[in-house]
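>>> based on what follows, work out the 3D shape:
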Amino acid sequence: MSSRQTTSLPGGYREVLRVAFPLILSMGTFTIMQFCDRIFLAHYSGVSIQAALPAGVLSFTLICFFHALAGYAGTFVAQYHGAGDPEGCVRATAQGLWLSLFSWPLILLLIPAGFWMMRISGHSADVLREEYRFFWILMVGGVVVPLGTAVGGYFIGQGRTRINALSCMLGCILNIALDYAWIFGHWGFPRLGITGAALATCISGCVPPGIQLALFLREPVTRRLGWRSALALRWSLMRRMIRYGAPSGGHLLVDVGSFTLFVLMTGRLEPVAFAASNIGFSINSVAFTPLIAVSIAASIVVGQHQGRGDGASAARAGWNALRIGWVYMFCIGLSFVLFPSGYYMLFKSADAGYTLQQLVTVGRPMMWMMAGWGLFDAINIVLSGALKGAGDTRFVMIYMLLFGWLIWIPGEWIIFAHHLGILMAWAWLTLYVIILSAGFWWRWRSGRWKKINLLEREVPLVPTRTGAEGLAVSD
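Numbers count the residues shown, from 1 in each chain. From the prediction side, this is the model:
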């Protein structure tokens, strides 16, 4: 079979890239937004850049369960779309919107827990003050995170990813402008520092869900159903969404939570090691964002083919998404090896108590390790997304829980307790990523996920192929 035929097959490179490319653009805008946040804060204050990563990661940790639970509506949309049920797509999205609104009071109730976690982390008083400011504002505005994934899932689940990309671009442009104005006090605004960065994030974060919600309500199928019927609570569908979405949220909570604990543990290190590690993770989060887009694309395309009852095409989509992820990670990893000083130069604060050379000396081996684990982490990120698209959320959650909290975190605790240094901690993290990838590879290769009936159909659909316009065509 020629490479051209392979590319055009259902689940081939062309189909995956058609969904992934606009997502990469939208995630790229998020990357640019994060990058500008960190650059602005680094030039504003060395304390602010040290505080932004732990506080930002902690806020997302406490929100991420609700983010993934509400966002799992997009997987239902993908499968309903594959099954040719547009009304099911609307009703699934509505349940995601309700779950987002229900989550807001719970997010607010978690603010004291976040303050407590930051207090026991051992960070210096000046860093802790900045963390408090950044954290509580992000939590108060945290409802936009699950709301955005819920309504965005309606368009992404159908493969209409350009809408998500354009709305995210507008939000990114607003965020950069507000950051510049509010962090430094330009254009007549007061100089707010890290508080300005947090406010800019929350306000600009309302733009993508606001645009997509307006478009969702104007959809022909939504208007045909009527808003009252389209947006109604449907408990049977919501229970099914919680059944599969809660493990998806649990997986993200376990994954992000273990990473957050690791970041908080580094707060007891000497300033240069703490800064080098935080900057390294900032670079990592920015560089890996397009890989998240490929993972979402894998989830959507796999979900669509599972909805059509076509497990073979779903499997092909997962493997092809992984190969796309590998190509990207090879290129970005090469830049880590060749230009580590350039990355650290961007984040070096003028008022830091260490030189750029000291920072690079500690950080260069971290960049090498990031380059090394990148290809393995591509397996973890892309194939876990593909498994969730098929509905195999329980395995993903349990596997991450066992390896993250019973192997990785205890090992890191021993390293920090015995003062073995930040490089040993990063080396253990690298080994953990490599070991973790073996389980996701095995699970996807086994094909057990093909037996999951997410939509609870009594009779499986006849497998279908994808026509020229991306529509299901019976064989």
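
>>> show me what the helix or strand hosting A386 is packed against.
Mapping A386 onto the secondary structure by DSSP states H and E places it in helix 356-390. Packing contacts for helix 356-390, counted by 3 or more C-beta pairs under 8 Å, 6 or more residues apart in numbering; DSSP states H and E, involve helix 73-82, helix 235-265, helix 271-287, helix 289-307, helix 311-338, helix 340-347, helix 393-403, helix 422-446. Just so you know, the C-beta spots here come from the backbone N, C-alpha and C atoms, and that holds for glycine as well.

>>> try 7 Å this time
The helices and strands touching helix 356-390, judged by 3 or more C-beta pairs under 7 Å, 6 or more residues apart in numbering; DSSP states H and E, are helix 73-82, helix 271-287, helix 289-307, helix 311-338, helix 340-347, helix 393-403, helix 422-446.

>>> as JSON lines, those with mean neighbour count, mean pLDDT and distance to A42 would be great.
Formatted as JSON lines, these follow (neighbours: other C-beta atoms under 10 Å; pLDDT from 0 to 100; distance: least, C-beta to C-beta, whole Å):
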{"stretch": "helix 73-82", "mean neighbour count": "29", "mean pLDDT": "90", "distance to A42": "34"}
{"stretch": "helix 271-287", "mean neighbour count": "22", "mean pLDDT": "79", "distance to A42": "8"}
{"stretch": "helix 289-307", "mean neighbour count": "29", "mean pLDDT": "88", "distance to A42": "19"}
{"stretch": "helix 311-338", "mean neighbour count": "20", "mean pLDDT": "92", "distance to A42": "19"}
{"stretch": "helix 340-347", "mean neighbour count": "18", "mean pLDDT": "79", "distance to A42": "5"}
{"stretch": "helix 393-403", "mean neighbour count": "20", "mean pLDDT": "90", "distance to A42": "32"}
{"stretch": "helix 422-446", "mean neighbour count": "18", "mean pLDDT": "93", "distance to A42": "19"}
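
>>> out of those helices, which gets nearest to R162?
Closest of those to R162 is helix 289-307, at 13.0 Å (criterion: C-beta to C-beta).

>>> the inter-axis angle of that closest one versus helix 235-265?
For helix 289-307 and helix 235-265, the angle between their directions (axes from the mean of the first three to the mean of the last three C-alpha atoms, to 10 degrees) works out to 160 degrees.

>>> helix 289-307 versus helix 73-82: what angle between them?
Here the directions of helix 289-307 and helix 73-82 differ by 40 degrees (the same axes, to 10 degrees).

>>> which positions in stretch 136-149 come out as buried?
136-139, 141-149 (16 or more other C-beta atoms under 10 Å).

>>> neighbouring contacts of that stretch?
Contacts made with stretch 136-149 from outside it, assessed by C-beta atoms under 7 Å, 6 or more residues apart in numbering, are listed as 56, 59, 62-63, 66-67, 70-71, 97, 99-100, 103-104, 107-108, 110-111, 114, 195, 198-199, 201-202, 205-206, 208-209.

>>> ok, now with 8 Å
When contacts are defined by C-beta atoms under 8 Å, 6 or more residues apart in numbering, stretch 136-149 is touched by residues 55-56, 59-60, 62-63, 66-71, 73-74, 96-97, 99-101, 103-104, 107-108, 110-111, 114-115, 195, 198-199, 201-203, 205-206, 208-209, 212-213.

>>> give the PyMOL command for selecting the buried subset of the residues you listed.
Applying 16+ other C-beta under 10 Å to the contacts of stretch 136-149 leaves a buried subset, and the PyMOL line that selects it is:
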select buried, resi 55+56+59+60+62+63+66+67+68+69+70+71+73+74+96+97+99+100+103+104+107+110+111+114+115+195+198+199+201+202+203+205+206+208+209+212+213
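
>>> in helices, which of the contacts of stretch 136-149 appear?
With DSSP state H as the criterion, helices contain 55-56, 59-60, 62-63, 66-71, 73-74, 96-97, 99-101, 103-104, 107-108, 111, 114-115, 195, 198-199, 201-203, 205, 208-209, 212-213 from among the contacts of stretch 136-149.

>>> give me the pLDDT for C168.
The score at C168 is 86. That number is its pLDDT.

>>> if you could redo that for H186, that was the one I meant.
Model confidence at H186, given as pLDDT, is 91.

>>> please apply the same query to the one 5 residues further on.
R191 is assigned 90 on the pLDDT scale.

>>> what's the closest non-adjacent residue to it?
For R191, the nearest residue in space outside its immediate sequence neighbours is G185; the separation is 3.1 Å by C-beta to C-beta, 6 or more residues apart in numbering.
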